[in-house]
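[1] here is a sequence together with a model predicted from it:
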Amino acid sequence: MINEQERNLLEFAENLNIVVLKNEPMAKHTTFKIGGRADFFITVDTEEKLAELIKFLHKNVIDYHIIGNGSNLLVADENIHKVIIQTTAKKDKIKLIDNTTIYAFAGVFLPQLCDFALENALTGLEFACGIPAKLGGAIYMNAAAYGSDMSMILKEIYYIDETGHKQKISANDAQFGYKNSIFMHKKYAITSALLELQSCNKEQITNKMQELLTKRRNSQPLELPNAGSVFRRPEGHFAGRLIEECGLKGRRVGQAMVSEKHAGFIVNLSGAKCLEVFELIKIIQDEVRQKKGIKLETEVEYLY
C-alpha cells in the first residue's frame, strides 16, 4: 500500500471512529496462534461502519480480507499486505424478534448465541455451543457438529456486497452444503442473520449442551492451539480415522503435531510456523493416499 493510500485510510478510519492497528500480529487473532503481521487490522462493530469501510476500500482498490474468530484459519508466516477486517459484537447485539426467531450480528460468538437461546428456552443451537467461532464465520462455512449445521436453523442472512451495498438472502438461496455456502465463493461480508429455532424445556437444552460439551472436551485437543478439523470428510470415511490408521498420531514437523487425542487435528505445540503445518499436511495427504487410496482435501483456509 503506497503512502497516499495509507494516509487516506487512516484519515477515513478516524472520521468513521474506528481504530486501525498497524503491523498487527495475526497470531493474536487465530486459534492456531500462527501468522505474520497484517499491514492494517480493523475491528468493526456495526453494519453501517462495515458498509462504509468496504465502499472506501472498493473505491480505492485496496485489498482486504474479513475474518471472524480465526478458528478455521492458517495464516502465512510472512507479513500480510492487505487490510484485515474483523467483526466484533457484545451480547446486546442479539435480539429476540418473536417467540422463536433470533436476530444476531455477525460478530457475536456462538457460545454467547447459544446461551441467549437457552435463556429464551429455544432449541436448535446446542450443536454449536462449543464451536469457537463467531456467527459470521459459522455461516460462511456452514459450521457443523454432531449431525447438525447452521443451514438447518438459518432463515435469512444480511450481508454487504463487494461494492459496499447492503443486501440480504434467504437461507434457501445461500447454496449451503457440507462446509460450504455462497459466501465462500463471493466477496461478501456477512453482517447479521435471522435464526429460526423451536421452543423447548430449558432443562432439556441445558442437558444437551452439557452432553455435547463433554464429548468435545473428551475427544478434541482443546488444551492446545489448533484450527479445528484440518481435512474435509471424504465420502464414506472419516479423515481422523484414516490418519490414525496410517499411524500418524503424534507425527511432528517442528512444533506442529498431529494430535494424539484426535488425528483430524493438527496442534501448535509452541511457536509452530505455517510452513511446518503445511509440510505436515502434505505428509498426511501423501501417507493416506499411498496407504488408503484416498485423497484428503483441506478444510482449513489459508490467508497469505
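    Nice, I can see it. Numbering: from 1, shown residues only.
[2] C-alpha from now on. contacts and neighbour counts both.
    Noted.
[3] for residue 4, give me the pLDDT.
    The model reports residue 4 with a pLDDT of 87.
[4] next SSE after the helix or strand bottoming out on mean pLDDT in the chain?
    Ranked by mean pLDDT, DSSP states H and E, the weakest helix or strand in the chain is helix 3-16, scoring a mean of 91. The helix or strand immediately downstream of helix 3-16 is strand 20-25, counting by DSSP states H and E.
[5] now that next one and helix 3-16, what's the angle there?
    120 degrees (axes from the mean of the first three to the mean of the last three Cα atoms, to 10 degrees).
[6] and strand 20-25, what's buried?
    20-21, 24-25 (16 or more other Cα atoms under 10 Å).
[7] out of those residues, which comes closest to residue 38?
    Checking the buried residues of strand 20-25 against residue 38 with Cα to Cα, the nearest one is residue 24 at 5.2 Å.
[8] circling back: columns distance to residue 261 and pLDDT on top of the buried residues of strand 20-25, output as CSV?
    Output for the buried residues of strand 20-25, formatted as CSV (distance: Cα to Cα, whole Å; pLDDT from 0 to 100):
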residue, distance to residue 261, pLDDT
20, 39, 95
21, 37, 97
24, 32, 98
25, 29, 98
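[9] and the closest residue to residue 242 other than its chain neighbours, what does it touch?
    Nearest in space to residue 242, with sequence neighbours left out and distances taken as Cα to Cα, 6 or more residues apart in numbering, is residue 288 at 6.8 Å. By Cα atoms under 8 Å, 6 or more residues apart in numbering, the contact set of residue 288 is 242-243, 246, 294-296.
[10] for those residues, which one is nearest residue 151?
    residue 296 (24.3 Å).
[11] and that closest one, how far from residue 86?
    According to Cα to Cα, to the nearest Å, residue 296 and residue 86 sit 30 Å apart.
[12] any idea how far residue 220 lies from residue 250?
    Applying Cα to Cα to residue 220 and residue 250 gives a distance of 14 Å.
[13] do the same with residue 74
    Taken as Cα to Cα, the span from residue 74 to residue 250 is 20 Å.
[14] burial of the closest residue to residue 180 other than its chain neighbours, as a residue count?
    Spatial nearest neighbour of residue 180, chain neighbours left out: residue 141 (5.0 Å); criterion: Cα to Cα, 6+ apart. The number of residues packed near residue 141 is 22, by other Cα atoms under 10 Å.
[15] contacting residues for residue 141?
    If you count contacts by Cα under 8 Å, 6+ apart, then residue 141 has 179-181, 183-184 around it.
[16] nearest residue to the most centrally placed residue in the chain other than its sequence neighbours?
    Most central in the chain under Cα atoms, centre = their mean is residue 137, positioned 3.9 Å from the mean C-alpha point. Spatial nearest neighbour of residue 137, excluding adjacent residues (Cα to Cα, 6+ apart): residue 68 at 5.2 Å.
[17] contact partners for that neighbour?
    Counting by Cα under 8 Å, 6+ apart, residue 68 touches 86-88, 107, 133-137.
[18] show me the shaky parts of this structure.
    Residues of the chain meeting the criterion pLDDT under 70: 1-2, 91.
[19] what segments of it are helices?
    3-16, 47-59, 110-119, 135-140, 202-219, 239-245, 274-292 (DSSP state H).
[20] ok, the closest residue in space to residue 31 that isn't next to it in sequence to residue 34 distance?
    Distances taken as Cα to Cα, 6+ apart place residue 71 nearest to residue 31, at 5.0 Å, with adjacent residues excluded. Taking Cα to Cα as the measure, residue 71 falls 11 Å from residue 34.
[21] how near is residue 61 to residue 162?
    In terms of Cα to Cα, residue 61 sits 11 Å off from residue 162.
[22] more neighbours, those two?
    Higher neighbour count among residue 61 and residue 162: residue 162, with 16 against 10, using other Cα under 10 Å.
[23] my guess is the more buried one contacts residue 190. True?
    No - using Cα atoms under 8 Å, residue 162 is not in contact with residue 190; the gap is 11.1 Å.
[24] how does this protein divide into domains?
    As given by automatic domain parsing, the domain ranges for the chain are 3-87, 91-219, 239-303.
[25] in TSV, list the ones you listed along with distance to residue 232.
    Below are those laid out as TSV (distance: least, Cα to Cα, whole Å):
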stretch	distance to residue 232
domain 3-87	12
domain 91-219	8
domain 239-303	5
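[26] and the nearest residue to residue 161 once chain neighbours are set aside, its phi and psi?
    Excluding the flanking residues, the one nearest residue 161 by Cα to Cα, 6+ apart is residue 188, at 4.7 Å. The phi/psi pair for residue 188 (degrees, to the nearest 10) reads phi -110, psi 150.
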